[in-house]
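Enquirer: Compute the structure for the input listed below.
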Amino acid sequence: MSNFLKKIQEKISAFFLDEEKPLQESPTIEPNFALEDTQAVTVENDTTSLDILKDLNKSLVQKKKEQSDEIVDSDYWWCFPGHPPVENVHSFEEIDDEKVCAELNRRIDKDEFPVIEIPDNIMKTLSILNNPEFDFGDVSHLINRSPSMAGEFIKVINSSLYSRGIIIQDLKLALPRLGKENVKALLYMYSTKMCFVNHPLFNKLAENIVDHSYATAIIASYLSQRYYPDPDGAFLAGLLHDIGKLGILKAISETYKLPKKSDFEVNLEIFDNILPALHEKAGRFLAENWKVNKTVISAIEHHHDFMDCGFAEDEQLAYHLSALVNIADTIARILGYGQRIDAVNIFSLPATIDLSISRDYEAISFLNNIPGIVTFKSQEK
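Expert: Coordinates of the predicted model:
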């Protein structure tokens, strides 16, 4: 038998004889030596070579199938039983859901929807970033002038996805890891969050939406390592996917006379008849105002209805990005970042199927890292 076949047999034997390792150790599964992978190899004077390879390949495929069947989803975080239902959902007497929804929809269509005001110091930073020869040192210097803004960047950068286990304090070194477009998006998000400082009724709710957006961005960027070709685009789409919710809350707070304080918690469930229907459309409006690229805008607009909106053949990248954000959004909510979620298994989601996220040991090991990836390590400045 040729040396080639001997090597193949050794690999197969090692695979079957090796004891299974715990999933947390990210076990390495040997490549699938499919027949087509060997067609370019010439094995001289061995008429049984192809038959042997076929048999070995069948055995390996069967072994991997058995391993997949052994996976019990309920043992893992992605098979989620659901959060407890929210009891006693409150409402504001001043808000008629149907009328508010119709009015905001009209304002978006008429280009009268309020844009997010960008403070002067952030506009100056954005101007530097728009210069083709900008320096991250200049950007970090301006960001560091605002401790609260610097804290927002530190929070995201010190997620496990970017920090690689080391707490980062120097923005000059850290900002290049995010990339120019994502730094700009974080500046927009910070500006949006600051809009609610003078609206204490919605301030905490806005913070929760921003934290959910940060988590979704990090998850989307991580998933893109295997399931989407542009990690920066995935981060940007995840970060801005719910920007429409913040825009709607800003419009409500400025249009309707609401109390400055309430005797109940102001949560997203209060606006369940408004936000789900409008936030993607409002998000598209704001993203276009910020001149975000079209693929990301599509994901913002269609991260819930991507299955139904009919992407053209030349828009498949936007279709897949929408699906990726949909999964990242769901995972963030499962992990406690964002609005409560009912029982769900991510392997049953249409987006999971569309992105070919298979239910095998490699994918399980990859997904099992996500809870640690989105654990923010805030660092005091």
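
Enquirer: can you map out the helices along the stretch 101-250 of the chain?
Expert: Using DSSP state H, counting those that start in this stretch, the helices of the stretch 101-250 of the chain run over 120-129, 136-144, 147-157, 160-163, 171-178, 180-194, 200-227, 231-240, 243-255.

Enquirer: With distance to residue 80 and mean pLDDT as extra columns, can I get the ones you listed in TSV?
Expert: Quick note: C-beta positions are derived from backbone N, CA and C, even for glycine. Below are the helices of the stretch 101-250 of the chain laid out as TSV (distance: least, CB to CB, whole Å; pLDDT from 0 to 100):
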stretch	distance to residue 80	mean pLDDT
helix 120-129	37	92
helix 136-144	36	93
helix 147-157	24	88
helix 160-163	21	75
helix 171-178	29	87
helix 180-194	26	91
helix 200-227	14	94
helix 231-240	19	94
helix 243-255	22	93
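
Enquirer: Identify whichever of those helices lies nearest to residue 340.
Expert: helix 200-227 (11.5 Å; CB to CB).

Enquirer: how about the closest one: buried residues?
Expert: Neighbour-count burial for helix 200-227 flags 201-203, 205-206, 208-224, 227 (criterion: 16 or more other CB atoms under 10 Å).

Enquirer: Next: stretch 349-360.
Expert: Within stretch 349-360, the residues that count as buried by 16+ other CB under 10 Å are 349, 351-352, 354-355, 357.

Enquirer: can I get those in TSV with secondary structure?
Expert: Shown next, in TSV, are these (DSSP: H, G, I helix; E, B strand; the rest coil):
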residue	secondary structure
349	coil
351	helix
352	helix
354	helix
355	coil
357	coil
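
Enquirer: Same list, those residues, but as TSV with pLDDT and distance to residue 269 please.
Expert: Output for the buried residues of stretch 349-360, formatted as TSV (pLDDT from 0 to 100; distance: CB to CB, whole Å):
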residue	pLDDT	distance to residue 269
349	94	22
351	95	24
352	94	26
354	92	29
355	94	29
357	93	30
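
Enquirer: of all those residues, which comes closest to residue 241?
Expert: Nearest member of the buried residues of stretch 349-360 to residue 241, counting by CB to CB, is residue 351, at 12.9 Å.

Enquirer: what's the closest non-adjacent residue to the closest one?
Expert: Once flanking residues are discounted, residue 351 sits nearest to residue 323: 3.8 Å by CB to CB, 6 or more residues apart in numbering.

Enquirer: so how many other residues sit close to the one you found?
Expert: Counted by other CB atoms under 10 Å, the residues lying close to residue 323 total 25.

Enquirer: Okay, it and residue 332: tell me how far apart.
Expert: As judged by CB to CB, to the nearest Å, residue 323 and residue 332 stand 15 Å apart.

Enquirer: and if you look at residue 286?
Expert: In this view, residue 286 and residue 332 are 20 Å apart by CB to CB.

Enquirer: Who has more neighbours out of these two?
Expert: residue 332 (27 against 24).

Enquirer: which SS state does that one fall under?
Expert: helix.

Enquirer: Was I right to think it contacts residue 219?
Expert: Yes - look at residue 332 against residue 219 with CB atoms under 8 Å: they come within range, at 5.8 Å.

Enquirer: Between these two, which contacts overlap?
Expert: Residues touching both residue 332 and residue 219 (CB atoms under 8 Å, 6 or more residues apart in numbering) are residue 374.

Enquirer: Identify the residues contacting residue 180.
Expert: Going by CB under 8 Å, 6+ apart, residue 180 touches 129, 134.

Enquirer: if you set the cut-off to 6 Å instead, what comes out?
Expert: By CB atoms under 6 Å, 6 or more residues apart in numbering, the contact list for residue 180 reads residue 129.

Enquirer: Right, I'll call it a day here.
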